[in-house]
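S.K.: Please find the sequence and the predicted model below.
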Amino acid sequence: MSERFRKGLALVLALALAATMLAAGGCTTTTDEEPGEEPAVDEKVGGTFNFYISEPAFIDPINLQESEGTQVGQSVFDSLVTFDPLTSEVKPAAAESWESNDDATVWTFYLVQGAKFHNGREVTAQDFKYAWERICTPANKSEIAYHLGVVKGYDEMQAETATELEGVKVVDDNTLEVTLNYAFADFEYVVGHPALAPVPAEAVDADPAAFADMPIGNGPFKMAEPWAHDQYIKVAKFEDYYGEEPYIDGVEFKILSDQDAAFLEFQAGNVDFVPIPSGQIQATVDEYGESGDGYTINPGEQVSLGEELAVYYLLVNNEDETLKDPIVRNAISLAIDRQDICDKVFEGTRVPATGIVPPGIVGHKPDAFVSSKYDVEAAKATLAEAGYPDGAGFPAISLEYNSGSGHEDILQLVQEDLKAIGIESELVGSEWAQYLDKLGAKDYQIGRLGWIADYPIMDNFLYPLFKTGSTDNYAFYSNADVDAKLDEARMIVDDDERVAQYQEIEKIVGDASAVIPMFYYRHTRVASDRVNEGIYSPNGLFTFESVWLTK
Amino acid sequence: MLKYVFRRILQMIPVFLGVTLILFALRIPGLLPGDPVQLIVGERELTPALRAQIEEEHHLNESVPVQYGYYISGILQGDLGRSLQKNRTVTDILLDKFPNTARLAVSAILVEIIIGLMAGIISAVKQYSFWDVVVTLSTSILVSVPVFWLGMLLQMFFGIKIKQWTGGAFSLPMSGMGSPPDLVHLILPSITLASVSTAYVARIMRSQMLEAMGQDYIRTAMAKGLSQRVVVFKHALKNALIPVVTFIGIDLGALMGGAILTESVFSWPGVGREIYLAVMQRDWPVVMGGVVVVVLIVMFVNLLVDISYAVLDPRIRYGGTAE
Amino acid sequence: MSADRHHPDGGDLHTPQGPLDAGGHELQDQPPRTLVPAVPEVSAHPSRTLWGDAWMRLRKNKLAIAGLTWITFIIIVTVSADLWVPQNFAEPTSTEFASMQAPSADHPFGTDRIGRDVFSRVIYGARVSLAVGILAVSISLVIGLALGSLSGYYGGLLDAFVMRTADIFFAFPYTLFAIALLAVLGPSYRNVFIAIGILGWPSIARVLRSSILSVKENEYVDAARAMGASDLRIMLRHIMPNAIAPIIVYGTMSIGGAIITEAALSYLGMGVQPPTPSWGGMLSEAKALMIPAPWLTVWPGFAILTTVLSFVLMGDGLRDALDVKMKD
């Protein structure tokens, strides 16, 4: 062997050795310490939670809406109120108390004294006004401004005839008064939306782009460094937080664009909380144990399968020649074996829907949609009643879906069910953008959508989906009576009466099968065995305030 | 020499224009699913006033050639537009991703050089030996393995299985997840990415060495009694290296443009994966901007390779046909 | 392995940058440019016994014959599948079995996440792979042969135009281009082979053009021209037979390449759509299930590997047998 070659070889070997050592050194991160029997409080303190998310669109409240950004945003920001992670009840947050006048048109919020932003400045009522007006300014292109649509002055700001929200008044540093266009008894839920958190004007105005990547909030965690796009977002415990101090030192949101890859990383022990891929739910439950209530996570009870505040439904084009007949829609709804779909596609982890309002929302009523059950004989009889005995004369219809997200499995099963009562159909998949175009253009017969609660109230499921002219009313259901009742309901101050009104509305749309509820979404996530007292709430947000990590 | 460089650059211009023309054609309304204006506004309600404003902003109300003009001048000024999905400019997004792609490309090239060259040399020097057969057969297999499958197998063994076997003591990272990808994160992706090219480097090296060793002057040297090793490493190797270097240069150019499959398997935050995700999400500004940048990078690296090749090897004619 | 694989003048691995690169290079995140670098040379004079000789040489190449045998076997198995695969197994959407079962006598390759038999999906997946491979290369051949021969035979402006267009195609990163094309056409079985076919023509055109250039100047072509033969006749009778050998080698390897591309595109979700079984699509579904169900990852990948390898080995063998030399 030549001298040079030998040297080269030695170099290669040295490099390989070095790489191996680095690999070994870099990866032996977990050390198994004996866990104490009953951890004292200070044993709970510390540690970084490794949380998987996909790349958020925004973490700045100005456009906080999708789940990933909201997960980060709610740890950095506190809105006026928050929701109990388990019961969805309204709880104080930045506002320690609030009240409304008798007809629920004027709301007054009293802020926590001495609460601070992460830059050290105290939070004042003016910061809320600034933040809300920032969202309502059309030039800022916020997609969530409509949440403030009930606030007086919103329409003027949208029309660019005003630069301030007339209805938002700073009474003093700690008092915020909000006047609405009309009575809205559920307004306290609206202000719990994470996008309606205060922002410090001086930081935003200094450099909006920098603020978008490293927002300064008033929440329990502060940004540790700017958002490393597509890689990670690090937040650390905020020492001057006005509320209860969290146990963990911080959260590292690890950004991966692929859920399957995230699950692999979970198996390798590199992330603490991930979605479970379909096909592996049962095996994962067997291995890691299921959470008792479906939301609370502890070692040995690591899989969250709780119901979400979300519903999967079939859209029926209410303006279609054949499908505009409610009897036909009822027949179709009766023909669908929802349990079979839940079993085959979701390993039995999802529950058939019997109404559009999911359980977990106050006022949920089982069997709200009378036809939302599986009964082939009734379906055949109903179809005959509509003038199509055994499907005779029923035109072939299209079942549309957005491709690439597993909906084809569900709609294939629907197709089989419809065949059983004599209705022929064809599956048509298209890309999401194109799919929405088709829906919006009424260029479909039956489609599918999911609806997730913005805030946990019945109104949020009924008003947008069934009010004539609402952009989310893709079924094009239109009923003057329902429209009037929806507006009326918002003004009913008494909680029980209001809920009763919404239940009546749900029954009207249900009797007509305005849409066809399929099943309620369920969580399918698993946490690592070092996670204690973690709560994954019904609206899909992990609570970092209560969780602690086994060291 | 300068004339040659100048000519090469001139040749690049029509190619560049052709590439931009094809990409631009993708924007013509009707060719792609979805209303382009609706795509830009996302989920916001599209009022006629907003539509007019968007069309004005994005020059969608102009004639097609004028739009192309805006598009080209945008590219030349480094303005590639804004992402429809992310709240960022395309330029920012690509600047973020490029270092990761470059890191992966360079380490893949290192793997190619180290393993490919050694395998090729051994195979040639020990022609017809056991090792020669091993190398030739495994190069055939390597070019037939789908890289994404190879990546999956590596993840399975070195990411998870090995961790189970060693009781959690040892494993290699399976993705570019989390903190900035460091040296350890690079191991599996770069081996995966380098697999096919390593096989080619070995094959080229082997055939070039064999050819070189068959040359008269080498035979003469051997006849004069110089030891085989001296001949191999002093003379044959030197001559055999030029085509290998060319191959590696071209490969580097291509790898700098991002490796969709490897980056996808390993969730590597690189340029290729970014563009692929943008295609899936119909984020056209990122797709078009990304592809243009990638094409420019590939052309530029190839130009450098050609020029350095021309400098190194005087046998290259500066004129002649385009091939 | 066998000694005759390495007989001294067989040139077994003589020219690695040759058409072998078509055997899957580009699809593997690699540079498409290296695909078509070489100017092929054909043995100087046509011979009546060329094909006979070639077959004799090919028969002696055990690896090539192994590849040929494997491909024949797969074709027979997949084409006859309807005859012997039980009906309930054959239905690609049949989900009646328990999911995620390990391989057993009933399910030699196990079952997948929604209870489909993996063995029959691999068998039926071969149809997709082979069909896409052959159809895609046919499209490339039709376009590539037409443009390549016109370009090589007539030269001039036409030649310049065709070759610059080819340059533009080569300037695009291959996988990206395929994905973008499929995004426009819409991912489907048919569009996959159309896209791969369209992207493949420039290589074919270049190979053919080069070999025509080297044949065109021969005396017998001049002679035919002097005797008043038409362009078409000269092309078909005198040039093509001599220029075609590299195309055969190249085409064979390209089929392997197209199969890998199809698998890669389906893996990325831009190819054949479920529930149609395709090897790449199966691997895509297996991603998160590697640990609990390794058989989902192993078998489809093995099927791709052996099939593509067979085409590569056959291409190698044909190159040696037809004595096609590629050089820089």
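M.R.: Structure's in. What do you need? Numbers count the residues shown, from 1 in each chain, chains lettered A, B, ... in the order given.
S.K.: ok, and what's touching the helix or strand containing A:Ile410?
M.R.: Using DSSP states H and E, A:Ile410 sits within helix A:407-420. Defining contact as C-beta atoms under 8 Å, 6 or more residues apart in numbering or on different chains, one finds that helix A:407-420 is touched by A:312, A:314, A:332, A:335-337, A:340-341, A:344-345, A:376, A:399, A:401, A:424-425, A:427, A:429, A:448, A:518, C:93, C:114, C:274-275. Yep, even glycine has a C-beta here, placed from its N, CA and C like the rest.
S.K.: Which of the residues you listed fall in helices?
M.R.: A:Ile332, A:Ala335, A:Asp340, A:Ile341, A:Lys344, A:Val345, A:Val376 (DSSP state H).
S.K.: Assign the nearest residue to A:Glu133 once chain neighbours are set aside to helix, strand or coil.
M.R.: If the residues on either side of it in the chain are set aside, A:Glu133 comes closest to A:Leu165, at 5.3 Å by C-beta to C-beta, 6 or more residues apart in numbering or on different chains. Classification of A:Leu165 using DSSP: H, G, I helix; E, B strand; the rest coil returns coil.
S.K.: got the buried residues for the helix holding A:Ile410?
M.R.: By neighbour count on 16 or more other C-beta atoms under 10 Å in any protein chain shown, the buried set for helix A:407-420 is A:His407, A:Glu408, A:Asp409, A:Ile410, A:Leu411, A:Gln412, A:Leu413, A:Val414, A:Gln415, A:Asp417, A:Leu418.
S.K.: Closest one of those residues to A:Asp172?
M.R.: Nearest to A:Asp172, judged by C-beta to C-beta, of the buried residues of helix A:407-420 is A:His407 at 52.3 Å.
S.K.: what does the model give that closest one for pLDDT?
M.R.: In this model, A:His407 is scored at 83, pLDDT.
S.K.: now swap in B:Met288 and tell me
M.R.: Looking at B:Met288, its pLDDT stands at 83.
S.K.: So it is in contact with B:Leu23, correct?
M.R.: Yes: B:Met288 is in contact with B:Leu23 according to C-beta atoms under 8 Å; the separation is 4.8 Å.
S.K.: Which residue of the two possesses the greater neighbour count?
M.R.: Higher neighbour count among B:Met288 and B:Leu23: B:Met288, with 24 against 21, using other C-beta atoms under 10 Å in any protein chain shown.
S.K.: The more buried one and chain C, how far apart?
M.R.: B:Met288 sits 9 Å away from chain C, going by C-beta to the nearest C-beta, to the nearest Å.
S.K.: For that residue, identify the helix or strand it belongs to.
M.R.: helix B:284-312.
S.K.: which residues touch residue 122?
M.R.: Using chain A here. A:Glu122 touches A:Gly114, A:Ala115, A:Lys116, A:Asp173, counting by C-beta under 8 Å, 6+ apart.
S.K.: that's the wrong chain, I wanted chain B
M.R.: So B:Ile122 contacts B:Trp131, B:Asp132, B:Val135 (C-beta under 8 Å, 6+ apart).
S.K.: and what of C:Leu289?
M.R.: A:Pro277, A:Gly279, A:Gln280, C:Met100, C:Arg113, C:Leu296, C:Thr297.
S.K.: coming back round to it: what is the burial count for the residue nearest to A:Glu133?
M.R.: Applying other C-beta under 10 Å, we find 22 residues neighbouring A:Leu165.
S.K.: and the gap between it and A:Asn218?
M.R.: A:Leu165 is 20 Å from A:Asn218, where distance means C-beta to C-beta, to the nearest Å.
S.K.: can you check B:Leu193 too?
M.R.: For B:Leu193 relative to A:Asn218 (C-beta to C-beta), the value is 45 Å.
S.K.: Grab the nearest non-local neighbour of residue 314.
M.R.: The chain I'm using is chain A. In space, A:Leu314 comes closest to A:Ile516 once its chain neighbours are excluded; the distance is 4.0 Å by C-beta to C-beta, 6+ apart.
S.K.: You answered for a different chain; I wanted chain C.
M.R.: Ranked by C-beta to C-beta, 6+ apart and with sequence neighbours excluded, the top spatial neighbour of C:Met314 is C:Gly67, at 4.2 Å.
S.K.: For the one you found, give its distance to C:Leu318.
M.R.: Taking C-beta to C-beta, one finds C:Gly67 at 10 Å from C:Leu318.
S.K.: hey, what's in contact with both of those two?
M.R.: Counting by C-beta under 8 Å, 6+ apart, nothing touches both C:Gly67 and C:Leu318.
S.K.: near chain C, which residues of the stretch 301-450 of chain A?
M.R.: Contacts of the stretch 301-450 of chain A with chain C, taken as C-beta under 8 Å from any C-beta of the partner chain, map to A:Lys344, A:Val345, A:Ser403, A:Gly404, A:Glu408, A:Asp409, A:Gln412, A:Gly429.
S.K.: Reformat these as TSV; add distance to C:Ala131.
M.R.: Putting those into TSV (distance: C-beta to C-beta, whole Å) gives the following:
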residue	distance to C:Ala131
A:Lys344	30
A:Val345	29
A:Ser403	22
A:Gly404	23
A:Glu408	22
A:Asp409	25
A:Gln412	23
A:Gly429	22
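S.K.: In terms of model confidence, name the weakest of the residues you listed.
M.R.: When those are sorted by pLDDT, the bottom entry is A:Gly404 at 64.
S.K.: hang on, the earlier thing: shouldn't the residue nearest to A:Leu314 be within a strand?
M.R.: Yes: assessed with three-state DSSP, A:Ile516 lies in a strand.
S.K.: Give me the distance between C:Pro187 and C:Ser278.
M.R.: Distance, C:Pro187 to C:Ser278, by C-beta to C-beta: 11 Å.
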